[in-house]
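J.: model this:
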Amino acid sequence: MTETERLRASRWSTVVLLLLVGIFVVRLSAGGPLVLPPQPAGAGPAVSDGGRDTRTDAVPMPRPVGTAARAAPPLPGSTATRIRIPSVRVDAPLTRVALDAEGWIDAPPADRPGLAGHFRGSVTPGEQGTSVIVGHVDTAQGPAVFYDLGRLTTGSRVEVTRADGTTAVFTVYGVEGFSKRNFPAGSVYRATGAPELRLITCGGAFTEKTGYQGNVVAFARLTETRKAA
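T.: Residues are numbered from 1 along each chain as shown. You can find the predicted model right below:
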């Protein structure tokens, strides 16, 4: 069985935002015990709403603290080519993902589980605004690029290499779990007045019938820029 992982796009005022109501992975246990990926601390209630029509846009979002409290100056646009997250051993090439004919965002190819995707409807990483990078959590073959995203903690660093030779360095200031049913897109993707990054994968409860019930989102802010020697 192949993996399906799609993101729905919507508009928030005049800005195109990502609305995660359809992202999930159908994962085979191959006859063995099903081992779910790591989850953010306290994610349980956030990704299990018991079927209630909760207003998750009212859920408080993380706020930049520590190193992330002061943003570095924004960069001009440039295609992102690679993402590194040293604390969870991510070192992956980046492709660009876009909307399909039905208005969903295509995930990276399922046969390339080590590939992450920058959503081209968002700014490039380091630009003013909120950039979005997505990745599979797992496939039928095992863990994928963002399997350990839920292990990130405040202060973790995310490095994105860009085609112009610069590396945009982001500092994580929050990792949250949200229900797919009521994903708070307007709050997660809102402009903050600083260059920011959102990393997204699947998470929460899992069933063989419907896949993952939630999403894990890492919130990060640009705090450093490095140029190639």
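J.: quick one: low-confidence ranges for this structure?
T.: Within the chain, the stretches with pLDDT under 70 are 1-35, 42-58, 100, 102-105, 229.
J.: now the strands for it?
T.: In the chain, the strands defined using DSSP state E lie at 6-12, 15-19, 80-85, 90-97, 104-106, 116-119, 129-135, 138-139, 142-143, 157-162, 166-179, 195-207, 211-227.
J.: who wins for proximity to Ala185 among the ones you listed?
T.: Evaluated over the strands of the chain, closeness to Ala185 peaks at strand 15-19, with 4.3 Å, by C-beta to C-beta. Using the backbone N, CA and C atoms, a C-beta is placed for each residue, glycine as well.
J.: got the strands of the chain as CSV, with distance to Ser187 columns?
T.: Shown next, in CSV, are those (distance: least, C-beta to C-beta, whole Å):
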stretch, distance to Ser187
strand 6-12, 10
strand 15-19, 10
strand 80-85, 23
strand 90-97, 22
strand 104-106, 19
strand 116-119, 17
strand 129-135, 11
strand 138-139, 27
strand 142-143, 29
strand 157-162, 20
strand 166-179, 10
strand 195-207, 11
strand 211-227, 10
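J.: return the most buried member of the ones you listed.
T.: Among the strands of the chain, strand 116-119 has the highest mean neighbour count (mean count of other C-beta atoms under 10 Å), at a mean of 26.
J.: of the strands of the chain, which is nearest Pro74?
T.: strand 195-207 (4.5 Å).
J.: just to revisit the earlier point, looking at the strands of the chain, which is closest to Gly66?
T.: Closest approach to Gly66 among the strands of the chain (C-beta to C-beta): strand 166-179, 7.4 Å.
J.: how much does that closest one deviate in direction from strand 195-207?
T.: 40 degrees (axes from the mean of the first three to the mean of the last three C-alpha atoms, to 10 degrees).
J.: among the strands of the chain, which is nearest Val59?
T.: Using C-beta to C-beta, the nearest of the strands of the chain to Val59 is strand 166-179, at 7.5 Å.
J.: the closest one - which strands sit beside it in the sheet, and in what orientation?
T.: As defined by DSSP bridges, the strand partners of strand 166-179 come to strand 157-162 (antiparallel), strand 211-227 (antiparallel).
J.: got these as a markdown table, with distance to Phe183 columns?
T.: Converted to a markdown table, these look like this (distance: least, C-beta to C-beta, whole Å):
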| stretch | distance to Phe183 |
| --- | --- |
| strand 157-162 | 21 |
| strand 211-227 | 6 |
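J.: among these, which is nearest Tyr189?
T.: Here strand 211-227 is closest among the strands paired with strand 166-179 (C-beta to C-beta), at 9.7 Å.
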